[in-house]
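Novice: structure of the sequence below:
(one chain, ligands or ions: 2)
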Amino acid sequence: MAANLSAAGSIYLYHPMNTQRKALISGITGQDGSYLAEQLLARGYEVHGMIRRSSSFNTSRIDHLYNNPELLDRRFFLHYGDLTDSSNLNRLLERIGPDEIYNLGAQSHVKVSFDVPEYTAEVDGIGTLRFLDAIKEVGLKDHVRFYQASTSELYGKVQEIPQTEKTPFYPRSPYGVAKLYGYWIIVNYRESYGIHATNGILFNHESPRRGETFVTRKITRAATRISRGLQDCLLLGNLDAKRDWGYAPEYTDGMWRILQNDEPEDFVLATNITTTVRDFVSVSFSHLGIQLEFRGGGVDEVGVEVSTGRTLVRVDPKYFRPTEVDLLVGDYTKARERLGWEPKTKWDELARIMVDADLALLGSEVKSTNAAVM
Ligand code: NAP
Ligand code: GDD
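Specialist: Residues are numbered from 1 along each chain as shown. Ligands and ions are numbered 1, 2, ... in the order given. Predicted coordinates:
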């Protein structure tokens, strides 16, 4: 679907008599933005999303909202915008007059940030400043609440295990460093101007909507394709990396809870369990009836199917990062005590959810290909 935004972009005008709560989401086409939009609509919000112009379709995660005539241009509005464009941000805030802003837009891939460091800094770091300054410029500073998508990548080379809101930061990538700027500019605008601006320091969260180049989704897609004979082998980078993986919709609910807190404070959202990439691979394949045994080490390590001896997983150094974050595990005690937030889905259940979803997708892809052939 090509989102035709002309109506959404020009007709909508902020009206002071409108009392329905309004949220503006940057990054609404991403994994988190799509879940958050659904949840806010279900809570009765009017939801505005910033969307980038793209030469190909980039709205697949929100098409079901866009195509719903009950929602589109009634309670759900899309606007072209970009975090690199200050005048656009000013205009959007003036027109919409949001009560809550969720800044989820980002160049969010850590490895890619080594290739496009300057752009990553522009969007993930300075983009946050542009938003905050726009809030000041248009006179929303005493009204709006602002959520910043901060990240466990701030901890990088971890200084403490597990990581809490008080653990010192040591980012290990241009992405992490850009987000560090975002983190501190939030704190500074909160302290300088009294803006209700908060950091959600979120540990990795995944779902069937996760981008295909992040490791969990790469694994579940490949495992399902291999199980159906559509792919021979899965190539991965560092199998020893450990992450604290949770389920994305639970984390977007946490974002909303963070903004409902009257005091603007920063919160860690995590599961407090850490797992290797290798174990995520094993559980994903196992759910498809394929038992793997890992043999060898370093770049020669392979994952072999026990029943057939076939090598299904290999290491390819091209997926290594110049500097790696070896281990993340978060302590979410503060979020539990203050927001009543708790993760529900454990990482192995998450892997199974994602595998099942990719299997279903594969089924529909095969069916639609057959339909096209017939
Ligand atoms: P994602 O799926 O990669 O989505 C990123 C979103 O940002 C997309 O909608 C993308 O638009 C948009 N975007 C990219 N560049 C932009 C720009 N210049 N201006 C405006 N929008 C732009 O990311 P996610 O997993 O949903 O994560 C959401 C946010 O949380 C990100 O800020 C990420 O860094 C942060 N975070 C994520 C995790 C996690 O584990 N998922 C953990 C901690 C923090 P297109 O669709 O057009 O590309
Ligand atoms: N992407 C990817 N691809 N990662 C791999 C691969 C591979 O083939 N093989 C091993 N890995 C390892 C990475 O080196 C990393 O240690 C780990 O798997 C997770 O990588 P990603 O899934 O790309 O996520 P990330 O942890 O780097 O970043 C994600 O989580 C952050 C929160 O901690 C992103 O969503 C960031 O935006 C987010 O801030």
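
Novice: switch to C-alpha atoms for all contacts and neighbour counts from now on
Specialist: Noted.

Novice: who in this structure is up against ligand 2?
Specialist: Residues of the chain lying near ligand 2 by CA under 6 Å from any ligand atom: 108-110, 151-153, 203-204, 213-216, 236-239, 241, 277, 319-320, 325.

Novice: I'd say A121 and Y175 touch.
Specialist: Yes - using CA atoms under 8 Å, A121 makes contact with Y175 at a distance of 7.2 Å.

Novice: the two: which is more packed in?
Specialist: Y175 (30 against 23; other CA atoms under 10 Å).

Novice: what's the PyMOL syntax to select whichever of the residues of the chain next to ligand 2 are buried?
Specialist: Buried members of the residues of the chain next to ligand 2, defined by 16 or more other CA atoms under 10 Å, are picked up in PyMOL with:
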select buried, resi 108+110+151+152+153+203+204+215+216+236+237+238+239+241+277+325
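
Novice: of the residues of the chain next to ligand 2, which are in range of ligand 1?
Specialist: Okay, of the residues of the chain next to ligand 2 touching ligand 1 (CA under 6 Å from any ligand atom), that's 108, 151, 203-204.

Novice: coming back round to it: quick one: which of the residues of the chain next to ligand 2 sit in strands?
Specialist: 151, 236 (DSSP state E).

Novice: just the residues of the chain next to ligand 2: which are in helices?
Specialist: In helices, defined here by DSSP state H, the members of the residues of the chain next to ligand 2 are 110, 215-216, 277.

Novice: pick the one among those closest to D266.
Specialist: Ranked by distance to D266 (CA to CA), those are led by V110 at 22.2 Å.

Novice: roughly how far apart are that closest one and S192?
Specialist: 31 Å (CA to CA, to the nearest Å).

Novice: what of W347?
Specialist: 40 Å.

Novice: what about these two, which has more around it?
Specialist: Taking neighbours as other CA under 10 Å, W347 and S192 compare with W347 leading, 23 against 9.

Novice: go ahead and confirm the more buried one touches W245.
Specialist: Yes - at 5.7 Å, W347 counts as touching W245 under the criterion of CA under 8 Å.

Novice: flag the shaky bits of the stretch 1-150 of the chain, pLDDT-wise.
Specialist: The model of the stretch 1-150 of the chain has pLDDT under 70 over residues 1-19.

Novice: switch to 50 and redo it
Specialist: Residue ranges of the stretch 1-150 of the chain with pLDDT under 50: 1-17.

Novice: enumerate the residues of it near ligand 1.
Specialist: Counting by CA under 6 Å from any ligand atom, the stretch 1-150 of the chain sits next to ligand 1 at 26-33, 52, 58, 82-84, 104-108, 123, 149-150.

Novice: only the buried subset of these, as a PyMOL command please.
Specialist: Buried residues among these (16+ other CA under 10 Å), as a PyMOL selection:
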select buried, resi 26+27+28+29+30+31+32+33+52+58+82+83+84+104+105+106+107+108+123+149+150
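
Novice: excluding chain neighbours, give the residue nearest to E342 in space.
Specialist: R336 (5.7 Å; CA to CA, 6 or more residues apart in numbering).

Novice: check Y35 too.
Specialist: Nearest to Y35 is P249, by CA to CA, 6+ apart, at 5.8 Å.

Novice: quick one: the nearest residue to H287 once chain neighbours are set aside from V187, how far?
Specialist: Spatial nearest neighbour of H287, chain neighbours left out: R352 (6.4 Å); criterion: CA to CA, 6+ apart. Distance of R352 to V187, given as CA to CA: 38 Å.

Novice: identify the residues contacting the closest residue to D99 other than its chain neighbours.
Specialist: Of all residues not flanking D99 in the chain, V144 sits nearest, at 4.7 Å (CA to CA, 6+ apart). Shown in contact with V144 (CA atoms under 8 Å, 6 or more residues apart in numbering): 98-101, 135, 195-196.

Novice: out of those, which sit inside helices?
Specialist: I135.

Novice: any chance of the contacts of V144 in JSON lines, plus neighbour count?
Specialist: As requested, the contacts of V144 are exported to JSON lines (neighbours: other CA atoms under 10 Å):
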{"residue": "P98", "neighbour count": "24"}
{"residue": "D99", "neighbour count": "16"}
{"residue": "E100", "neighbour count": "23"}
{"residue": "I101", "neighbour count": "24"}
{"residue": "I135", "neighbour count": "25"}
{"residue": "I195", "neighbour count": "23"}
{"residue": "H196", "neighbour count": "24"}
